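Engineer: Sequence first, then the predicted structure, then my questions.
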Amino acid sequence: MADETDLRTEILAAALGAMEDGVAVLDAESRVLLWNAAAMEIAGFRAADLISRPLPEGLYEADVHPHAPQPHWERPVLVHLRHAKGHTLPAMLRQVPLRDALGKRFGMMLRFHPVEEVDTLAHGTNEEEGLLGKHLEHSQADMEGRLEEASHEWATNAVPFGLLWITVDQAAGLRKTHGRDAVEAMLTIVERTLLHALRPTEILARWGSNEFLVLCHERSAEMLEAHAQHVCELARTADFRWWGDRVGLTVSIGAVQAGEGEKLSELLLRAQRAMQRSELAGGDRVTG
């Protein structure tokens, strides 16, 4: 019986060790029981230095708005992961409580991967040139045509679609302190960052001077809002520097799904007002 249990343990450890995501298994006292090869590659810490010891202090920090509720850790959240060499990198991390048959918690599993890999999970190509070539050609005039097509398909064939109206919270302040050139450079960086959050079927376009519009085809308002939350989280990772100074960026998003009988002009107005409510609430958030 003991041999069979040992074999099952070895098989489980081997399966977790083969995963492409970083995986750490902790006991009830948060000591490391397993640290797989992917975790070592991503975070730089060797398993031999961690097993039977607590996780390194400050290994990760959640990237959430200071006034936002604490994240629901059983879903992936954006964190800053501290590498063994001292630098940090954005990553998506999920905490999974481990419980016995009676529901008592006896450990925790952490699963994480660098945010640069998020777009490979059903978001299309991982090559930046492919992403840029696929989306950046869409001007506001192009987008207006796509919106008319999507509205027609919704009215005639019930093909669902929704909009993300996005503004960068720091744009107005940056224009005052650093000028128009700095804002344009910032918007270019944000645009490239947003592309990594979009699916191949989605269309991104600059909308007005400082904003973006995304045409989505989620099946429900709930799915659209969840996707918008991912976009909002990823936008925080935009690496914008001006004259050597890194400027932290966040976005406010209005996420709305087309309603039955709703005109395109009404949908656009609803998306814009939802975005404005996100701004008024402090930014760095999604409003539906």
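Structural biologist: Great, that's in hand.

Engineer: ok, which stretches of the stretch 1-150 of the chain are strands?
Structural biologist: Under the criterion DSSP state E, counting those that start in this stretch, strands of the stretch 1-150 of the chain are mapped to 22-27, 32-35, 60-62, 77-82, 88-99, 105-114.

Engineer: what lines up beside the last one in the sheet?
Structural biologist: The reference is to strand 105-114. Each strand paired with strand 105-114, and its direction, by DSSP bridges: strand 22-27 (antiparallel), strand 88-99 (antiparallel).

Engineer: per-residue confidence averaged over that strand?
Structural biologist: Averaging pLDDT along strand 105-114 yields 88.

Engineer: Show me how far that strand is from its chain's centre.
Structural biologist: The chain centroid and the centroid of strand 105-114 are separated by 18 Å under Cα atoms, centre = their mean, to the nearest Å.

Engineer: okay, the angle between that strand and strand 77-82?
Structural biologist: In terms of direction (axes from the mean of the first three to the mean of the last three Cα atoms, to 10 degrees), strand 105-114 departs from strand 77-82 by 80 degrees.

Engineer: Quick check: which of the strands paired with strand 105-114 has the most neighbours on average?
Structural biologist: Using mean count of other Cβ atoms under 10 Å, the stretch among the strands paired with strand 105-114 with the largest mean neighbour count is strand 22-27, at a mean of 20. Bear in mind the C-beta positions are built from the backbone N, C-alpha and C, glycine included.

Engineer: any idea how far that one is from the chain center?
Structural biologist: On Cα atoms, centre = their mean, the centre of strand 22-27 falls 22 Å from that of its chain.

Engineer: For it, C-alpha coordinates in PDB please.
Structural biologist: What follows is strand 22-27, C-alpha atoms only, in PDB (Å, rounded to 0.1, in the frame of the first residue of the first chain):
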ATOM      1  CA  GLY A  22       5.000  27.700 -13.100                       C
ATOM      2  CA  VAL A  23       3.500  25.600 -10.300                       C
ATOM      3  CA  ALA A  24       4.300  25.800  -6.600                       C
ATOM      4  CA  VAL A  25       2.600  23.500  -4.000                       C
ATOM      5  CA  LEU A  26       2.600  24.800  -0.400                       C
ATOM      6  CA  ASP A  27       1.700  23.100   2.800                       C
END
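
Engineer: hang on, the earlier thing: I'd like the strands of the stretch 1-150 of the chain laid out as CSV, including distance to residue 273.
Structural biologist: Conversion of the strands of the stretch 1-150 of the chain to CSV gives the following (distance: least, Cβ to Cβ, whole Å):
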stretch, distance to residue 273
strand 22-27, 41
strand 32-35, 48
strand 60-62, 29
strand 77-82, 26
strand 88-99, 30
strand 105-114, 36
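
Engineer: so which of the ones you listed gets nearest residue 235?
Structural biologist: strand 77-82 (9.8 Å; Cβ to Cβ).
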